[in-house]
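Trainee: sequence first, predicted model second:
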Amino acid sequence: MTRIKICGITNRVDAFAALELGADALGFVFEPTSPRYIGNNPDALCIPFELPPSITKVAVHAHVVNADEEGFDAIQFLSIINPESILGRKVIKAFSARDKGIEVEIEDYTGPADEILLDAYHTNQYGGTGQVCDWELAWSIRQKLSKPLILAGGLNPENVVEAIRKVRPYAVDVSSGVEAEPGRKDHLKLKAFIQAVRELDTVLEETHQKSPD
């Protein structure tokens, strides 16, 4: 089954809607330049403590010195200064797919990582841009990886099925593709996205069961 991460959560209504619709993980952004930044929002910072343990709560950073947020199961980052600050939590190492050189960058990476997230490259933003990742490049990386791959970058209810078919990621990550505006989710898009993934999962599972050994 393809795991689903809904990123850029800023409020309880969206968090619990995603939970009820079947999301597996929620991302909370701690990058100050993002319109989805929650570091100065006490109400948003309380949300992870109100969610059940069945859903993974991810603190999302671009460049982090110390990951000291409480209530989060996982840390996602592009770069980190103090690796000791992430001990005891799942580590999601993010990469921006600028060109094929990213394959070598990922292959040479020796830092902490339980999962690899591949996002689209943008000149001055770190995520939630709506730009689609290069799926052929993502598939090439996916084939070589020994760790689970999370596919991000421009996913939405209309293209997520094609993306999964082409890349076969461990998980998909969506933010702007299910928004009404930056920081506020469109619940109809949210439902359509999760439903599309789950329906494809069913098709792929049935196909797998019918295929000869």
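Mentor: Alright, I've got the coordinates.
Trainee: beta partners for the residue nearest to the spatial centre of the chain?
Mentor: Geometric centre of the chain, nearest residue: residue 173, 3.3 Å, by Cα atoms, centre = their mean. When assigned by DSSP bridges, residue 173 has beta-bridge partners residue 5.
Trainee: quick check, it in contact with residue 151.
Mentor: Yes - contact between residue 173 and residue 151 holds when scored by Cβ atoms under 8 Å: they sit 6.8 Å apart. Every residue, glycine included, has its C-beta placed from N, CA and C.
Trainee: so which helix or strand of the protein has the lowest pLDDT on average?
Mentor: Within the chain, no helix or strand scores below strand 63-64, which has a mean of 80 by mean pLDDT, DSSP states H and E.
Trainee: what's it packed up against?
Mentor: strand 74-77, strand 79-80 (3 or more Cβ pairs under 8 Å, 6 or more residues apart in numbering; DSSP states H and E).
Trainee: which of those sits most buried?
Mentor: strand 74-77 (a mean of 25; mean count of other Cβ atoms under 10 Å).
Trainee: before we move on, back to that, can you check the pLDDT for the residue nearest to the centre of the chain?
Mentor: Per-residue confidence at residue 173 stands at 97 (pLDDT).
Trainee: any idea which of the helices and strands packed on strand 63-64 gets closest to residue 140?
Mentor: Across these, residue 140 has its closest neighbour in strand 74-77 (22.3 Å, Cβ to Cβ).
Trainee: adjacent strands (with direction) for that closest one?
Mentor: Strand pairing for strand 74-77, using DSSP bridges, gives strand 56-60 (parallel), strand 90-97 (parallel).
Trainee: following the longest one in sequence, what is the next regular element?
Mentor: Okay, so that is strand 90-97. Remark: after strand 90-97, the chain's next helix or strand is helix 101-108, criterion DSSP states H and E.
Trainee: about what we covered before: could you dump the strands paired with strand 74-77 to a markdown table with mean neighbour count, mean pLDDT and distance to residue 147?
Mentor: Shown next, in a markdown table, are the strands paired with strand 74-77 (neighbours: other Cβ atoms under 10 Å; pLDDT from 0 to 100; distance: least, Cβ to Cβ, whole Å):
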| stretch | mean neighbour count | mean pLDDT | distance to residue 147 |
| --- | --- | --- | --- |
| strand 56-60 | 25 | 96 | 16 |
| strand 90-97 | 21 | 93 | 9 |
